[in-house]
Structure formats: C-alpha cells, structure tokens
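Undergrad: Starting from these lines, generate the structure:
(one chain, ligands or ions: 2)
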Amino acid sequence: MAGPVLVVGAGLLGTSVALACRRAGVEVLLDDVSPEHLRTASGLGAGRPLSEGDLPRLVVVATPPQHLATSIRAALDTWPDAVVTDVGSVKEAPLTALRAGGDDDLERYVGGHPMAGSERSGPLAATAALFDGRPWAVTPHETSTPQATDVVEALALLCGAVPTRLAPADHDRAVARTSHLPHLAAVLVAGRLADAPPAHLALSGQGVRDVTRVAASDPALWLEILGANAPAVLDVLGEVRAELDALIGAVARPGSPDLTTILARGNAGTAAIPGKHGGPVRPTRSVFVSVPDHPGELARLFGDAGEVGVNIEDVHIDHDPGRPVGLTELVVEESRAEHLLAALESRGWTTHR
Ligand SMILES: NC(=O)c1ccc[n+]([C@@H]2O[C@H](COP(=O)([O-])OP(=O)(O)OC[C@H]3O[C@@H](n4cnc5c(N)ncnc54)[C@H](O)[C@@H]3O)[C@@H](O)[C@H]2O)c1
Ligand SMILES: O=C(O)C(=O)C[C@]1(C(=O)O)C=C[C@@H](O)C=C1
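TA: Numbers count the residues shown, from 1 in each chain. Ligands and ions are numbered 1, 2, ... in the order given. Modelled structure (predicted):
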C-alpha cells in the first residue's frame, strides 16, 4: 500500500493506525485539532505533523463520530486524488450526511471500522498491535470504486487485521449486536457496583472484571455512537428486554427448565464467536499461576512458556491490591495446557489445577 497516509484525529484509533503503518514502513502524516495530541502522537513515532504541500494518497479519518462527516468531506475537498476512509463505529449516519452535501466525488470514499479498541482514549493508549488478528469492516457504498475499496482493504491487512466487506446498513445492524449491546450490558452490570458496600466489592473476582471492562469507556464517545445507531440498538434492546422478563420468571421458579434453556443459549452464543484471525474456534484452556509481585516476574513467566514452545493466546492478571502474589491466567491451546503446567511446575512456579 503506497503512502503517504494522512491520519486525521490522532487519538486512540488514529495513532494506532499510524503506528501500524509506520511499523510497515509507510510514511504517515498526522492532523488533529489538539496540538497536544499531535505532539504526543508524533513523539510516539506515529508520523509527522501535516504541512503545506503534503499530498497524501490515503486519508484515514479517526475523529469522534459527530465529526466524521465533516472531516471526510474536508479530506475529499482538500485532496482530490486521495482515497478517503474512516474508522468510525457507525457507518450509515455519516454516509447519509455526506450524501446530503452532494455525492459527485463520493466514489473515492469507502467506510471502515476496525473491531478493536479500548476503554481508554487518546494517543497514549495507542499501540501498533491493536488490530492484529481483529476483524476490520470495510463498507463500500453504491458509488465507491473497486479501486478505492481495494486500498481500504490493503490498509486493514497492513495493520494486521482481517478485512470483512459488508454494506453500511448491514454493518450497523451487526455492531448493534456484537458491540453496542455488549457495551450497554457491561454498563448495566457495572452500574450495580457504583454504590455497592465495600464488603461486597472486596469479593470482586475475574468474572466481574471480564464483564465490565468496557463500561469504563468515555461516555461522550458512547453517547455519539449510540445516538448514531439508535434504531438498530433499540431492536436488540427490545429482544433483551423480552428475554430479561423470561429470565426473571425462570429464576423465580427454582428448577425451571426455562432457566436451563436460557443458560444453554448463553453457551451457544459464546461458542458462535469466531476464533482469532476469523477462523474456527480452537478449544483453549486456562492455566492459573501465582506470580510474585516483583519486577520482572511476569517476563520470566512468559519467557518460560515461550521456551517450552507454548503460545499464549490471552492473559488476565488479577490485580487485587494487598496481596504479595498476583494470580495470572494464561489462556493456551487445550492440547498444550498439561505440557505447560508440568513445565512450569518443574521450573518452580506455583500453579493451580
Ligand atoms: N475507542 C474505541 O474502542 C474505538 C474502536 C473502533 C472505532 N472507534 C471510532 O474511532 C473514532 C475515534 O475514536 P477514539 O477512541 O480514537 O477517540 P479519541 O478521543 O481517542 O480520539 C479522537 C481524536 O480526534 C481528535 N479530533 C476531534 N475532532 C477533530 C477534528 N474536527 N479534526 C481533527 N481531529 C479531531 C481529538 O482531538 C482526538 O485526538 C471514533 O469515530 C470511534 O467511533 C473507536
Ligand atoms: O475492546 C474494546 O475495548 C472495545 O470495546 C472495542 C469495540 C468493541 O465493541 O469491540 C468498541 C467499539 C468500537 O467501535 C469497536 C470496538
């Protein structure tokens, strides 16, 4: 993919795209309304600030949802030879706003949405590895050219992601289910903790952390995302409301077969989520290890796993304060778990079977 690439909005997403492009040796230019974000992103090695006379071949718009259409329009007007894409979480609303302003040059615009992010924002939270193995929706509209679509897919691949092509409206229905509803479910669960007694909160284990992480996200960003995708979000919320009523009824009748059915549907839903890299789910198993709270211990644990040839698919660390050891969960391929346990035990690690 040929540069220079201009990233407009050097926050979490923009700076991560910029760092991934730089990792692949592509020249990156940066623009942001915040001089501080621009300085920080440049300082992180994400590229250099845009200057007069620069001619980007691809513009990646990574501004907040409400600014997307304006930023995309400005990019199309300023660089008449560039392909323009964005990383916004909702695709139909900015496209409708763009069309309202005239669609004669929209063939150079193709929407995009990497399904990767964080509950943090700003350039300091960015990483080049953010998109590795993640889906990246590419959403051409009726007049997008195949060439522009290819460029946007090439960007996704260059960032290490797996491009998935779909129409903007389909995309919005899909993310209502896979991103916006999960976010709201996390918010509701986390909300039950806000005024909880300290004695209850002291019993917070990994389960509640797994379910609530994204609820720490910037509310301003999510107000914009939900506002832009309200009809599709309302559809899935309606389904959940009906199911919540059924759940309340089932819990009130101990031993009810309805509760078994609801729990089994949860199992079926988690099994339906595709594995990393978009492939089939490979069975994994968690290996739990006590890690002393000293500098370098985690690195030694990862090093030992690497030396015995076990790939760590995921890792969770229980950060409960006031304990001299942390409990670390290494998620590995099921067939490698016993080998890893035995190897770690022989190297003096305390594991939990
Ligand atoms: N946060 C996530 O997990 C995530 C994941 C995928 C996609 N997205 C989408 O990516 C976009 C950016 O989100 P983020 O999380 O990186 O937010 P962020 O707040 O970290 O970054 C946004 C950046 O845009 C800048 N900005 C605001 N208005 C601007 C303008 N008019 N011109 C130039 N720069 C401007 C801000 O100063 C900031 O640096 C959003 O549209 C969001 O929907 C977010
Ligand atoms: O991992 C996270 O922090 C995210 O929530 C990222 C997530 C998602 O729901 O998957 C959130 C919103 C974006 O539009 C895309 C990705």
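Undergrad: In contact with Asp103, which residues are there?
TA: Thr143 (CB atoms under 8 Å, 6 or more residues apart in numbering). C-beta: built from backbone N, CA, C; applies to glycine.
Undergrad: Ok, Arg241 next?
TA: Here Arg241 is in contact with no residue (CB under 8 Å, 6+ apart).
Undergrad: which secondary structure element contains it?
TA: For Arg241, the element it lies in under DSSP states H and E is helix 230-251.
Undergrad: Which residues in that helix does the neighbour count mark as buried?
TA: With burial defined by 16 or more other CB atoms under 10 Å, the residues of helix 230-251 counted as buried are 232-233, 236-237, 250.
Undergrad: Kindly report the same for stretch 65-74.
TA: The neighbour-count check on stretch 65-74 (16+ other CB under 10 Å) flags 65-69, 71-74 as buried.
Undergrad: likewise stretch 218-231?
TA: Within stretch 218-231, the residues scored as buried using 16+ other CB under 10 Å are 221-222, 224-226, 228-229.
Undergrad: Kindly state the neighbouring-residue count (a burial measure) for the spatially closest residue to Gly47 that is not a sequence neighbour.
TA: The spatially closest residue to Gly47, leaving aside those adjacent along the chain, is Val28, at 3.0 Å (CB to CB, 6 or more residues apart in numbering). By the other CB atoms under 10 Å criterion, the neighbourhood of Val28 contains 27 residues.
Undergrad: next one: Ala2
TA: Residues contacting Ala2 under the criterion other CB under 10 Å number 10.
Undergrad: quick check, it in a helix?
TA: No: judged by DSSP: H, G, I helix; E, B strand; the rest coil, Ala2 forms no part of a helix; its state is coil.
Undergrad: Which phi and psi values does the spatially most central residue of the chain adopt?
TA: Note on the chain: the residue nearest the mean C-alpha position is Ala116, at 2.0 Å, using CA atoms, centre = their mean. According to degrees, to the nearest 10, the main-chain angles of Ala116 amount to phi -150, psi 140.
Undergrad: Would you mind confirming that Ser89 makes contact with Leu226?
TA: No: here Ser89 lies out of contact with Leu226, judged by CB atoms under 8 Å, at a distance of 9.6 Å.
Undergrad: Give the residue spans of this structure that score low on pLDDT.
TA: For the chain, residues meeting the criterion pLDDT under 70 lie at 276-281, 319-322.
Undergrad: residues from it in reach of ligand 1?
TA: Among all residues of the chain, those adjacent to ligand 1 (criterion: CB under 6 Å from any ligand atom) are 8-14, 31-34, 37, 62-65, 67-68, 71, 87-89, 114, 117-118, 121-122, 221, 225.
Undergrad: make it 5 Å
TA: When proximity is defined as CB under 5 Å from any ligand atom, the chain approaches ligand 1 at 9, 11-13, 32-34, 37, 62-63, 65, 67, 87-89, 117, 121-122.
Undergrad: Those also near ligand 2: which ones?
TA: Applying CB under 5 Å from any ligand atom, the subset of the residues of the chain next to ligand 1 adjacent to ligand 2 comprises 89, 117.
Undergrad: from the residues of the chain next to ligand 1, which would you call buried?
TA: When those are checked for burial by 16+ other CB under 10 Å, the buried set is 9, 11-13, 32, 37, 62-63, 65, 67, 87-89, 117, 121-122.
Undergrad: who's in contact with the residue in the stretch 201-350 of the chain that ligand 2 sits nearest to?
TA: For the stretch 201-350 of the chain and ligand 2, the shortest gap (CB to the nearest ligand atom) falls at Val214, measuring 4.3 Å. Residues touching Val214, when contacts are defined by CB under 8 Å, 6+ apart, comprise 119, 182-183, 186.
Undergrad: Repeat that for His37.
TA: Shown in contact with His37 (CB under 8 Å, 6+ apart): 10-11, 15, 122-123.
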